[in-house]
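1. My questions concern the predicted model and sequence given below.
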Amino acid sequence: MTKQRLGNAGLLLPCVLLDGAIGIDFRTDERFHEAVFGPQAASEVLAAFQAHGLDPCLYVDDPLIDVAVSRTPSTCVAHLERLDPLVGTRDLADSVATMGIYAFSVLGLDRRVLAPLAAELEDGCDTTVVLYPEPVYGNWGLVVNPQGVSKWSGIEAYCARHRLATEEVAAVGDGLNDVAMLRQAAVRIGVRGGCDEIVEMADALIDPPEGRGWQAILGLLNS
């Protein structure tokens, strides 16, 4: 879906996806970065979700689907509708045992439902956990990646592959899942209206996309 959307806009570019779990250069379809849960770790994360009464979306390495869900997924209806072309109904326990799992997510739920699970995963599993106000679907979202995975880890992999200096990277972000990336970037560009952590650490702020904020980036980099 990402490649199709970029292609429709005439922009086939290297992309870091799923908060850093995958890096694909859509100009060549080269996969320059990949981080998946091992079967035991994935099983532990799934067990934690289900102990809290939640069936997550599993972002999987599979030739037929990108996202595996159960017959009773816990993510919000709008999220499921957006994922629809990419989704397949699968047995989740079998999926974590047989597929590479890039991430788990549940979006658009009350924070009181997600916060206890997020705390448990942070304390008891080797994971990267992001609990954040969900800007698209409302309420809150929870995304769980393998330990150490962030958008920055994907950027590092791309820079290493192409012998680029990470000290020259400029990054733009607005949400909690962008904090680790901006913390490492040489130039930190935040989006007005983003989370407090981003606004506080930003070297410069731009307007959101609907306010043509992206047009300001070249001016910042050339100044």
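-> In hand now; what should we look at?
2. use CA for all of it now, contacts and neighbours both
-> Noted.
3. For D196, grab the count of nearby residues.
-> 13 (other Cα atoms under 10 Å).
4. now it: how far from A78?
-> To A78, D196 is 26 Å away according to Cα to Cα, to the nearest Å.
5. do the same with A216
-> 32 Å.
6. Over to L164?
-> Distance, L164 to A78, using Cα to Cα: 39 Å.
7. what does L58 give?
-> 17 Å.
8. any idea which helix or strand carries L80?
-> Remark: L80 resides in helix 77-83, with elements defined by DSSP states H and E.
9. Quick one: list the elements packing against that helix.
-> Under the contact criterion of 3 or more Cα pairs under 8 Å, 6 or more residues apart in numbering; DSSP states H and E, helix 77-83 touches no helix or strand at all.
10. mind listing what whichever helix or strand comes after it pairs with, with the direction of each?
-> As assigned by DSSP H and E, the chain's next helix or strand after helix 77-83 is strand 87-89. Strand 87-89 has its sheet partners listed here by DSSP bridges as strand 67-69 (parallel).
11. Report the rounded mean pLDDT for the lengthiest strand in the chain.
-> Counting residues, the longest strand found in the chain (DSSP state E) is strand 100-109. Taken as a whole, strand 100-109 has a mean pLDDT of 97.
12. List the contacts of the helix or strand just after it.
-> Toward the C-terminus, strand 100-109 is succeeded by helix 111-124 as the next helix or strand (DSSP H and E). Contact with helix 111-124 is made by 45, 48-49, 52, 127-131, 139-142, as judged by Cα atoms under 8 Å, 6 or more residues apart in numbering.
13. Now do the helix or strand following helix 111-124 against helix 111-124, angle only.
-> With elements assigned by DSSP H and E, the helix or strand that comes after helix 111-124 is strand 127-133. Between the axes of strand 127-133 and helix 111-124, defined by axes from the mean of the first three to the mean of the last three Cα atoms, to 10 degrees, the angle is 160 degrees.
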